[in-house]
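Novice: task: produce atomic coordinates for the following.
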Amino acid sequence: AELFRIDRYAEMALNYARLNSTSNDLVFAKVEVEPIIKRVVRQYAGQFVRKHIALKCDIAPVQVLTDEKWLAFILGQLLANAVKYTDSGTITISSKRMNGKVYVSVSDTGIGMSAKDISRIFDKSVRLDDTARKAEGVGLGLYLVRQLTEQMNGSVYVEWTKPGQGTCITFC
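Specialist: Numbering: from 1, shown residues only. This is a model prediction of the structure:
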């Protein structure tokens, strides 16, 4: 477990450096969203079972012009946070096309957050309250998610959050 944690921190640091370098390694192609979501979800299957988390998927068959590697990274970060802050309950992943844009949402029934914290969660190295500090991490995940979605001409936002009842984060 310790080696996995060090690898995750190293990966986050490397991705942070890549994102802030002058060379941009984004490679855009038309990709199907569903197989990417399924691949990322499989990485967390053991944690779903261990934490008694039900997974619901409402995935529309949509294609998007994006960087497949970074799309998987964004999904992975959102799913990692949902799993990290949900002790039991449900995580829902959905995708849809609306008004010419593709929206992907990850919602959970976890600890949620207060309204005052919403404006800070996408900032660099932000850790929220004492509950969040107990969970592992360096506070770069959502910062990288925001930076990447913006570099790919998209956006990310908290659709809703209820302290003690979960959070829904959507990107397009």
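Novice: next, name the residue at the spatial heart of the chain.
Specialist: The centroid of the chain falls nearest to Leu78 when counting by CA atoms, centre = their mean (1.5 Å).
Novice: neighbours of the closest residue to it other than its chain neighbours, how many?
Specialist: In this structure, Leu78 finds its nearest non-sequential neighbour in Val106, 4.1 Å apart by CB to CB, 6 or more residues apart in numbering. No exception for glycine: its C-beta is placed from N, CA and C like everyone else's. When neighbours are counted by other CB atoms under 10 Å, Val106 registers 25.
Novice: residues contacting Met152?
Specialist: Met152 makes contact with 26, 28, 66-67, 70, according to CB atoms under 8 Å, 6 or more residues apart in numbering.
Novice: quick one: low-confidence ranges for this protein?
Specialist: Residue ranges of the chain with pLDDT under 70: 1-24, 125-138.
Novice: can you pull out the helices in it?
Specialist: Secondary structure of the chain, counting by DSSP state H: helices at 2-19, 33-43, 45-50, 68-84, 115-118, 130-134, 141-151.
Novice: for the second one, the distance to its chain's centre please.
Specialist: Its chain's C-alpha centre and that of helix 33-43 lie 12 Å apart, by CA atoms, centre = their mean, to the nearest Å.
Novice: biggest strand in the protein by residues?
Specialist: Across the chain, the longest stretch assigned as strand under DSSP state E is strand 89-98.
Novice: what residues does that one touch?
Specialist: With CB under 8 Å, 6+ apart, strand 89-98 has contacts from 33-34, 37, 41, 48, 53-60, 62, 75, 79, 82-83, 102-110, 166.
Novice: got a quick PyMOL command for the buried subset of these?
Specialist: Typed into PyMOL, the line below selects the buried ones among those, using 16 or more other CB atoms under 10 Å:
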select buried, resi 33+37+41+48+53+59+62+75+79+82+83+102+103+104+105+106+107+108+109+110+166
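Novice: surely Lys69 is in contact with Val27?
Specialist: Yes - under the criterion of CB atoms under 8 Å, Lys69 makes contact with Val27 at 7.5 Å.
Novice: residues in contact with the nearest residue to Ser114 once chain neighbours are set aside?
Specialist: Residue nearest to Ser114 in three dimensions, not counting chain neighbours: Pro163, with 5.6 Å by CB to CB, 6+ apart. Pro163 makes contact with 111-114 under the criterion CB under 8 Å, 6+ apart.
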